[in-house]
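1. When you get a sec, could you give me coordinates for this:
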Amino acid sequence: MSLDSPWLAQLLGLLAWAIGASAFLQRQDTKLRRLLTLNGVLLTLHFLLLGATAAAINCLLCAIRTWVSGHYRTPAVMLLFIALAWGLVLPQLTDPAQLLTLVGTTLSTYALFRLQGLSLRWCMLASSLCWVIHNIWAGSIGGILLEGMFLVINGYTILSLYRSQRRGSPEPDKVR
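-> Alright, predicted model coming up:
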């Protein structure tokens, strides 16, 4: 198997899918961020091998952004990542469907820097919808499975957190 094999690209996408599977099951935002960072690195390699440069740049920025958002959550840092995404990816776009990666990245960047709990997950759900549509267009089997699974699992976790809040349970990140 050569390094430019489409099978290697799909294998990396499926590995990202497996790691991402546990990300949105996490009830603690810090664990969610760690797993999404690793997921972003694997997806960067996946999209590079598929020749989807705009998505690869976006995924690398997302991985870095997700890690940074766990340590620095200021509006200035958030705006820096949004500006980087638009500035680096916009010139790479060759099809309108690729714009969905920027919309999804902008939504998830806002969520990771400014939101928490249910609000964070709702915004990430909207981001996943953008990415699943893009991944169908790009022919990314792992990406379709990953983002489709994110939609389902994140929806499940949203329901779980909502039920916990209705019962008066504290948010998971507030429990030590």
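
2. name the element Thr66 belongs to?
-> Using DSSP states H and E, Thr66 falls within helix 53-69.

3. for Gly13, that is, sorry about that
-> Using DSSP H and E, Gly13 sits within helix 6-23.

4. and that helix, what other elements does it pack with?
-> Packed against helix 6-23 by the contact rule (3 or more Cβ pairs under 8 Å, 6 or more residues apart in numbering; DSSP states H and E) you find helix 29-50, helix 141-166. In this view, the C-beta of every residue, glycine as well, is placed from N, C-alpha and C.

5. Any chance of a markdown table for these, columns mean neighbour count, distance to Leu80 and mean pLDDT?
-> Below are these laid out as a markdown table (neighbours: other Cβ atoms under 10 Å; distance: least, Cβ to Cβ, whole Å; pLDDT from 0 to 100):
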| stretch | mean neighbour count | distance to Leu80 | mean pLDDT |
| --- | --- | --- | --- |
| helix 29-50 | 21 | 17 | 91 |
| helix 141-166 | 18 | 25 | 87 |
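
6. For Leu120, find the nearest of those helices.
-> helix 29-50 (6.6 Å; Cβ to Cβ).

7. Can you give the distance from the closest one to the centre of its chain?
-> How far helix 29-50 lies from its chain's middle: 7 Å, per Cα atoms, centre = their mean, to the nearest Å.

8. Determine the set of other helices and strands touching that helix.
-> Short answer (3+ Cβ pairs under 8 Å, 6+ apart): helix 29-50 packs on helix 6-23, helix 53-69, helix 117-138, helix 141-166.

9. same thing but at 10 Å, please
-> Contacts defined by 3 or more Cβ pairs under 10 Å, 6 or more residues apart in numbering; DSSP states H and E place helix 29-50 against helix 6-23, helix 53-69, helix 99-114, helix 117-138, helix 141-166.

10. Only the buried residues of the first one, if you could.
-> Using 16 or more other Cβ atoms under 10 Å as the burial criterion, the residues of helix 6-23 that qualify are Ala9, Gln10, Leu12, Gly13, Leu14, Leu15, Ala16, Trp17, Ile19, Gly20, Ala21, Ala23.

11. Chain neighbours aside, what residue packs nearest to the fifth one?
-> Meaning Leu14. Gly142 (4.6 Å; Cβ to Cβ, 6 or more residues apart in numbering).
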